[in-house]
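Student: Provided below are the primary sequence and the corresponding predicted coordinates.
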Amino acid sequence: VQVVESGGGLVQPGGSLRLSCVASNINLDYWTIGWFRQAPGKEREAVSSIFSRDGSTYYTDSVKDRFTISRGSARNTVSLQMTNLKPEDTGVYYCAAKFGQHLRASLYEYDYRGQGTQVTVSS
């Protein structure tokens, strides 16, 4: 299983970015895909997760109404649409996969994780 993130970059406050996570060789219907982030000097934070089989999702309070997690149109892809980005959203964003429904699992509990993609929100 490989988990690969893409879509990070530099964006101004108020802007948008769409992150993608491709998890190969698994059936996403039975796996939880989670997004985590870590800013310099801060602890890693769970951002959002999705269990596709029943469409259940989780968002941390600071991103509710700004971020949307969803299955992508491409096979085995999960997207994280981020809008109204703030400087405090800056960090390395990691995607991870865990078999079964575990929307609130910590990153270390996941079975597979990617290398991360940098998101920088700055003017």
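Tutor: Done, it's in. Residues are numbered from 1 along each chain as shown.

Student: The most centrally placed residue in the chain is in what secondary structure piece?
Tutor: Among the residues of the chain, the one closest to the centroid is residue 35, at 2.6 Å (Cα atoms, centre = their mean). Assigned by DSSP states H and E, residue 35 falls within strand 31-38.

Student: Can you show me the strands along the chain?
Tutor: 2-6, 9-11, 17-24, 31-38, 45-51, 56-59, 67-71, 77-82, 91-99, 112-113, 117-121 (DSSP state E).

Student: Which one of these lies nearest to residue 106?
Tutor: Across the strands of the chain, residue 106 has its closest neighbour in strand 45-51 (7.1 Å, Cβ to Cβ). C-beta coordinates here come from the backbone N, C-alpha and C atoms, glycine included.

Student: tilt between the closest one and strand 31-38?
Tutor: Angle, strand 45-51 to strand 31-38, by axes from the mean of the first three to the mean of the last three Cα atoms, to 10 degrees: 160 degrees.

Student: quick revisit: pipe the strands of the chain into TSV and attach distance to residue 105 and mean pLDDT per row.
Tutor: Below are the strands of the chain laid out as TSV (distance: least, Cβ to Cβ, whole Å; pLDDT from 0 to 100):
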stretch	distance to residue 105	mean pLDDT
strand 2-6	14	96
strand 9-11	27	98
strand 17-24	15	96
strand 31-38	7	97
strand 45-51	8	97
strand 56-59	10	97
strand 67-71	15	96
strand 77-82	15	97
strand 91-99	6	97
strand 112-113	11	96
strand 117-121	20	98
